[in-house]
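# I need the structure of the sequence given here:
(one chain, ligands or ions: 1)
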Amino acid sequence: MPLPVLEQAERELVSLPGVGMSMLEVSHRSKIFEDVLARAQADIRTLAGIPSNYKVLFLQGGASLQFTMVPMNLLTAGATADYLVTGVWASKAADEARKIGKVHVAATTKAEHFTRLPRAEEIALTPGAAYVHMTSNNTIYGTEWKTPPDVGDLPLVSDTSSDMFSRPIDVSRHALIYAGAQKNMGPAGVTVVIIRDDLLARSAPSLPSMLSYAVHAENGSMYNTPPVFAIYLLGLVVRWLLNGGGLESIAVANERKASKLYAEIDRTGFYRGTAQKDSRSLMNITFRLPSEELEKQFVKEAEKDGMDGLKGHRSVGGIRASIYNAFPEEGVDALTSFMREFERRNG
Ligand code: PMP
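Okay, here's the model as predicted:
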């Protein structure tokens, strides 16, 4: 979370200016929350340049519930959904879809341990597919699509949980975009779904209401009690991004931060980036050291220096530096200095 956002939330926690109550206790049907919700939606529209034929929904259940809601709503009887399987989260999305209908793996880089993204010529789409599902940033492997793949007229659905609002996004190339808020947009507890209006017609009336995009859209994300405080904080983060110059500005900062780390990784042969260069993520920088012992030592010594959370995901090992929007450039500088010093002592 950006520090100015946390500071504002702290100032306003007990009593919202002009309201005299905490955002933690106001009714979700109150005018104050209606305004917070409307402003957050409007600001997201401005920030991401969302065309008027898309709805912005605030849902719950994390990105993981979207693995289920996407096929439940969009994978109509007899149709096939195409999945680009580029990591664990993408695999999970495909597995959930298989419980609902027919899934075709249009491309996967599993044989290469997900160290890169599929090339255009490796993607075999199903003509007339219900949709094509992709994962824009593969959080565990540190790979990220520079631009979405060309899927022609097929509806493109993107899980952007770990790189939403880290760079400009061409919403019009997508039919549906979803992201859990907790990496770049706010706290855990709210999921943003951006859905093109024509897709809402696919939500069958027989769907359970809480699982229907159409129901949530008709009710303006207020079918049930939304996560009020999470939406308030998300609104503050979006305003922080707008005030900082929007997605172009944050992208410049993110590119600068990532390139410093990749430059350090590539400087000698001591560190080894795990993602192939053309697939490298700006959010999750993954690398290995010459041995697992050295990796353990690296994590331990970094922690002593105040740098937490560098251990790679348990499924892959190695080191992962997650440098989301709010992570300061000074933190990257501290890490690169530490890396250089660690190499000097152990290289
Ligand atoms: N997709 C991606 C790309 C993720 O990184 C994550 C979580 N790290 C998820 C989905 C799952 O998100 P959630 O925990 O919000 O269900």
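
# pLDDT weak spots in the stretch 201-347 of the chain?
Filtered on pLDDT under 70, the stretch 201-347 of the chain yields no residues whatsoever.

# what ranges do the strands span in it?
Using DSSP state E, counting those that start in this stretch, the strands found in the stretch 201-347 of the chain span residues 272-273, 284-288, 319-322.

# any idea which of these is most buried?
Scoring those by mean neighbour count under mean count of other CB atoms under 10 Å gives strand 284-288 as the most buried, with a mean of 24. Yep, even glycine has a C-beta here, placed from its N, CA and C like the rest.

# contacts for that strand, please.
137-142, 162, 258, 261-262, 265, 271-275, 295, 312, 316-323 (CB atoms under 8 Å, 6 or more residues apart in numbering).

# stretch 265-283 now?
Here stretch 265-283 makes contact (CB under 8 Å, 6+ apart) with 115-117, 137-139, 141-144, 162-163, 166-167, 183-184, 251, 254-255, 257-258, 262, 264, 285-290, 316, 318, 322-324, 339, 343, 347.

# which among the residues you listed count as buried?
Neighbour-count burial (16 or more other CB atoms under 10 Å) applied to the contacts of stretch 265-283 gives 115-117, 137-139, 141-144, 162-163, 166-167, 183-184, 251, 254, 257-258, 262, 264, 285-289, 316, 318, 322-324, 339, 343.

# the ligand next: which of these are close?
Restricting the buried ones among the contacts of stretch 265-283 to those within reach of the ligand (CB under 6 Å from any ligand atom) leaves 139, 162.

# and the one residue sitting closest to the centre of the chain, how close does it get to the ligand?
The residue lying closest to the centre of the chain (CA atoms, centre = their mean) is Ser161, at 1.8 Å. Using CB to the nearest ligand atom, to the nearest Å, Ser161 is found at 4 Å from the ligand.

# so that residue makes contact with Gly180?
Yes - Ser161 lies in contact with Gly180 (CB atoms under 8 Å); the separation is 4.8 Å.

# intersection of neighbour lists for these two?
Each of Ala63 lies in contact with both Ser161 and Gly180 under the rule CB under 8 Å, 6+ apart.

# what values do phi and psi take at the residue of the stretch 1-150 of the chain found nearest the ligand?
Nearest to the ligand in the stretch 1-150 of the chain, going by CB to the nearest ligand atom, is Gly62, at a distance of 2.7 Å. The phi and psi values for Gly62, taken as degrees, to the nearest 10, are phi 70, psi -180.

# go through stretch 165-185 and flag the buried ones.
165-167, 169, 171, 174-185.

# pull the contacting residues for the nearest residue to Pro155 once chain neighbours are set aside.
The shortest distance from Pro155 to any non-neighbouring residue, by CB to CB, 6 or more residues apart in numbering, is to Ala175 (3.3 Å). Residues in contact with Ala175 (CB under 8 Å, 6+ apart) are 131, 155-157, 195-196, 199.

# please repeat the previous calculation with a cut-off of 10 Å.
Ala175 sits next to 54, 74, 131-132, 151, 154-158, 194-196, 198-199 when contact means CB atoms under 10 Å, 6 or more residues apart in numbering.

# tell me how far it lies from the ligand.
Counting by CB to the nearest ligand atom - Ala175 and the ligand are separated by 18 Å.

# and for Ser249?
24 Å.
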